[in-house]
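Participant: Could you work out the structure for the sequence below:
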Amino acid sequence: MSKGKLVTSVLAGAAAGAILGVLLAPGKGSETRKKIAKKGNDLKGSVKDGFDKLSDTITDKYYSINGDAKELIEKGKEKGAEFQETYKNEKAF
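Facilitator: Numbering: from 1, shown residues only. The predicted model follows:
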């Protein structure tokens, strides 16, 4: 399972559990609404943190892959130049 799906699943489960816990607990309507609002704000923070971590991971992977690609391109250019030089030398004979 990918990290993105795992984070989404965990957050969805936490949200469902929090909402059900608040709704099924005995209490006045105004208290229940306050609890739901607080849980919503807590969940909002958790979701934001999860997406921030996912974004950081994606950014890190992008730069890592980008660096690897640049290295590969440079190696390819070097090999191409070597091949060209070898071809010129063999053609001269």
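Participant: CA only for contacts and neighbour counts going forward, please
Facilitator: OK.
Participant: Quick one: residues in contact with stretch 40-48.
Facilitator: 11, 15 (CA atoms under 8 Å, 6 or more residues apart in numbering).
Participant: What is the distance between the helix or strand bottoming out on mean pLDDT in the chain and the centre of its chain?
Facilitator: Least confident helix or strand, the chain: helix 3-24 with a mean of 78, by mean pLDDT, DSSP states H and E. Here the centre of helix 3-24 is set off from its chain's centre by 19 Å, with CA atoms, centre = their mean, to the nearest Å.
Participant: Name the residues of it that are buried.
Facilitator: Buried residues in helix 3-24, counted by 16 or more other CA atoms under 10 Å: 7, 11, 15, 18, 22.
Participant: For the last one, give me its contacts.
Facilitator: This means V22. V22 touches 32, 35-36, counting by CA under 8 Å, 6+ apart.
Participant: Point out where this structure drops to low pLDDT.
Facilitator: 1, 91-93 (pLDDT under 70).
Participant: mind listing the helices in it by residue range?
Facilitator: Here the chain has its helices, by DSSP state H, at 3-24, 29-92.
Participant: rewinding a little: among the contacts of V22, which one has the most neighbours?
Facilitator: I36 (18 neighbours; other CA atoms under 10 Å).
Participant: Distance of that residue relative to D42?
Facilitator: 10 Å (CA to CA, to the nearest Å).
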